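Student: Everything below, folded, please.
(one chain, ligands or ions: 1)
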Amino acid sequence: IGPDVIDIRKLYGQTGMFTYDPGFLSTASCQSTITYIDGDKGELLYRGHPIEQLAEQCDYLDTCYLLLKGELPNASQRDEFHQLVLKHTMVHEQMHFFMRGFRRDAHPMAVLTGLVGAMSAFYHENTDIHNAEHRDRAAIQLIAKMPTLVAMAYKYGKGEPYMYPKNHLSYAGNFLNMMFATPCEDYRVNPVIERAMDRIFILHADHEQNASTSTVRLCGSSGTNPFAAIAAGVACLWGPAHGGANEACLHMLEDIQKHGGLAKVGEFMEKVKDKNSGVRLMGFGHRVYKNYDPRAKLMQQTCNEVLTELGLEKDPLFALAKKVEQIALEDDYFVQRKLYPNVDFYSGIVQRAIGIPVKLFTGIFALARTVGWIAQLNEMIGDPEYKIGRPRQLYVGAPRRDVKL
Ligand code: ACO
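Tutor: Residues are numbered from 1 along each chain as shown. A predicted model of the protein is given here:
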């Protein structure tokens, strides 16, 4: 029994051993065959395949197939899967009316949490989580409809009409078209931007037992329906310590830019190191990576490609981000704590260059992570030994006492 391991028998007179592990720093909640992270080496594998190879050779729907089924698809499986997803990209027409209940200035993540939760009302024929066919159909519906819902949340906020999906386009191309086309003007899908969007989806598709995935598993463990469990994941992802970091990171860079730009980076970094300032370097640090996040490397490369394509090589925020990274890599504070850029550090700059508003960044993360959540949920439900998740606590409140009024 170490310092953090409490023998509950002594405390409560019960049998069994309990660990007290706030933040689950050293507690595995499940066994999994989906994603492997070597935080010291900075390695990420989906079903054994390195993220770098997937980002280079596959597209997002191949990655979805891999995460859901365990293997990459062959040519006919690929075609069949792509067709199946594309067939389900439209959402129930009533969802447009449901949407109207939201304020137009609501945060897209607030809207998305509601819309995904509402899918259990619109697609209630697929809500039995213990039925594999229901789960499979719900998986396809969620993967296919998330881009439509995210684009709808964007259009609604702008007061523009929704653009229906166009199924001759790729998954990423279709999303871009629903975002940027209008009934008056077509949108030309630029292959470099389309590839960058697809890569953002691949890099965010799964990341083992992070907060939102653990939330989905815990929520699903009660036997609730798949849409409700994924909505819980969306809600959890919203937080700035998790998926909301890309939004927070871009605000941080804009703020540095507003207050002096490159010349003020050093001063800002000093503030980050001062614990009393309450300022954190957003897009930096990770619970598992104690080396460079491999997704951040790929994202930096994508950032270069997109900015070059759009003639924005001199983007001041990109220059700022690279300066911040350079200072951090040489500064003892960051080196000793093994703080490196994470996936969110460059993804905001890419998305902003594409024309995606900052408020929508986390929604796009949710879109991409949906497949990971579903794969993890399926793995848990398919495990004959799975139990409802029910953490214990270490009670430190008042002892038994009588009510005396
Ligand atoms: N800026 C400055 N200092 C930091 C940062 C940061 N971004 N991250 C961690 N530290 C410091 C902490 O102050 C602490 O210092 P101390 O040992 O002197 O007290 C030490 O590094 C360890 O930090 P913890 O908060 O204990 O690390 P934890 O594993 O709990 O947190 C987290 C990980 C939440 C990602 C954290 O690094 C953070 O807040 N980063 C900024 C937000 C962010 O980018 N989140 C995205 C994560 S990736 C994702 O969700 C896709």
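Student: What residues sit buried inside stretch 262-281?
Tutor: Lys264, Val265, Phe268, Met269, Val272, Leu281 (16 or more other C-beta atoms under 10 Å). Any C-beta I mention is one placed from the backbone N, CA and C, and that applies to glycine too.
Student: go on, stretch 115-133?
Tutor: Leu115, Val116, Gly117, Ala118, Met119, Ser120, Phe122, Tyr123, Asn126, Thr127, Ile129.
Student: what's the average pLDDT for it?
Tutor: Regarding stretch 115-133, the rounded mean pLDDT is 95.
Student: returning to that earlier point: and which of the buried residues of stretch 262-281 is nearest the ligand?
Tutor: Leu281 (3.8 Å; C-beta to the nearest ligand atom).
Student: Please settle this for me: is that closest one part of a helix?
Tutor: No. Counting by DSSP: H, G, I helix; E, B strand; the rest coil, Leu281 falls outside a helix, being coil.
Student: got the contact list for the closest residue to it other than its chain neighbours?
Tutor: Excluding the flanking residues, the one nearest Leu281 by C-beta to C-beta, 6 or more residues apart in numbering is Val272, at 4.7 Å. Contact analysis of Val272 by C-beta atoms under 8 Å, 6 or more residues apart in numbering lists Val279, Arg280, Leu281, Tyr333.
Student: rerun at 10 Å
Tutor: 252, 279-282, 284, 324, 327-328, 331, 333-334, 339 (C-beta atoms under 10 Å, 6 or more residues apart in numbering).
Student: ok, now Met99?
Tutor: Applying C-beta under 10 Å, 6+ apart, the residues contacting Met99 are Val91, Val111, Gly114, Leu115, Ala118, Leu149, Met152, Ala153, Lys155, Tyr156, Tyr162.
Student: So what's the residue count around the second one?
Tutor: Put plainly, it is Val111. Neighbour count for Val111, taken as other C-beta atoms under 10 Å: 23.
Student: likewise the third one?
Tutor: Gly114 is flanked by 19 other residues according to other C-beta under 10 Å.
Student: Apart from its chain neighbours, what residue comes closest to it?
Tutor: Phe102 (7.0 Å).
Student: what's the residue of the stretch 251-400 of the chain found nearest the ligand in contact with, if anything?
Tutor: Nearest residue of the stretch 251-400 of the chain to the ligand (C-beta to the nearest ligand atom) works out as Gly285 at 2.3 Å. For Gly285, the contact set (C-beta under 10 Å, 6+ apart) comprises Ala241, Ala245, Asp293, Ala328, Phe334, Arg337, Lys338, Leu339, Tyr340, Pro341, Asn342.
Student: Look up phi and psi at it.
Tutor: Dihedral pair for Gly285: phi 90, psi 150, per degrees, to the nearest 10.
Student: for Thr27, same thing?
Tutor: Main-chain dihedrals, Thr27, degrees, to the nearest 10: phi -120, psi 120.
Student: biggest separation within the contacts of Met99, which pair?
Tutor: Across these, the longest distance by C-beta to C-beta is 17.3 Å; it joins Ala118 and Lys155.
Student: now stretch 101-118: how far from the chain's centre is it?
Tutor: 17 Å (C-alpha atoms, centre = their mean, to the nearest Å).
Student: Next: stretch 45-54.
Tutor: Worked out by C-alpha atoms, centre = their mean, stretch 45-54 lies 17 Å from the chain centre.
Student: Flag every buried residue along it.
Tutor: Buried residues in stretch 45-54 (16+ other C-beta under 10 Å): Leu45, Tyr46, Arg47, His49, Ile51, Leu54.
Student: farthest-separated two in these?
Tutor: Arg47 and Ile51 (11.1 Å).
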